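Novice: Sequence unavailable; structure follows:
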Ligand SMILES: [Zn+2]
């Protein structure tokens with residue numbers, strides 16, 4: 001599957017990740033109620049690894 005027409009079928013589903021309240025990334029799982037990026041809702045400490053240091057990009061579309 002490419003990133004063209006067949007991939008657009010996935011756009012019709014329910015929203016999985018919304019903007020995280022703690023890290024600002026669009027990684028907060030709506031149903032699981034935890035953030036995939038910072039672990040909000042799962043851990044009290046912010047989930048952070050040296051091997052996964054993506055710059056936190058805020059101001060994303062929720
Ligand atoms: Zn987060």
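Specialist: Yes, it's here. Computed from a prediction, not measured in an experiment: that's the story for all the values here.

Novice: Give me every residue in this structure lying close to the ion.
Specialist: 20, 22-23, 35, 37-38, 40 (Cβ under 5 Å from the ion). Any C-beta I mention is one placed from the backbone N, CA and C, and that applies to glycine too.

Novice: Please produce JSON lines containing the residues you listed, extended by pLDDT and secondary structure.
Specialist: As requested, the residues of the chain next to the ion are exported to JSON lines (pLDDT from 0 to 100; DSSP: H, G, I helix; E, B strand; the rest coil):
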{"residue": "20", "pLDDT": "92", "secondary structure": "coil"}
{"residue": "22", "pLDDT": "90", "secondary structure": "coil"}
{"residue": "23", "pLDDT": "86", "secondary structure": "coil"}
{"residue": "35", "pLDDT": "94", "secondary structure": "strand"}
{"residue": "37", "pLDDT": "89", "secondary structure": "coil"}
{"residue": "38", "pLDDT": "90", "secondary structure": "coil"}
{"residue": "40", "pLDDT": "94", "secondary structure": "coil"}
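
Novice: can I get the residues you listed in JSON lines with neighbour count?
Specialist: Formatted as JSON lines, those follow (neighbours: other Cβ atoms under 10 Å):
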{"residue": "20", "neighbour count": "24"}
{"residue": "22", "neighbour count": "15"}
{"residue": "23", "neighbour count": "21"}
{"residue": "35", "neighbour count": "26"}
{"residue": "37", "neighbour count": "20"}
{"residue": "38", "neighbour count": "22"}
{"residue": "40", "neighbour count": "21"}
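
Novice: now these in CSV, with distance to residue 3?
Specialist: Formatted as CSV, the residues of the chain next to the ion follow (distance: Cβ to Cβ, whole Å):
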residue, distance to residue 3
20, 25
22, 30
23, 26
35, 26
37, 22
38, 27
40, 29
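
Novice: where in this structure is pLDDT low?
Specialist: Applying pLDDT under 70 to the chain flags residues 1, 53-62.

Novice: in it, which residue is closest to the centre?
Specialist: Nearest residue to the geometric centre of the chain (Cα atoms, centre = their mean): residue 27, 1.5 Å.
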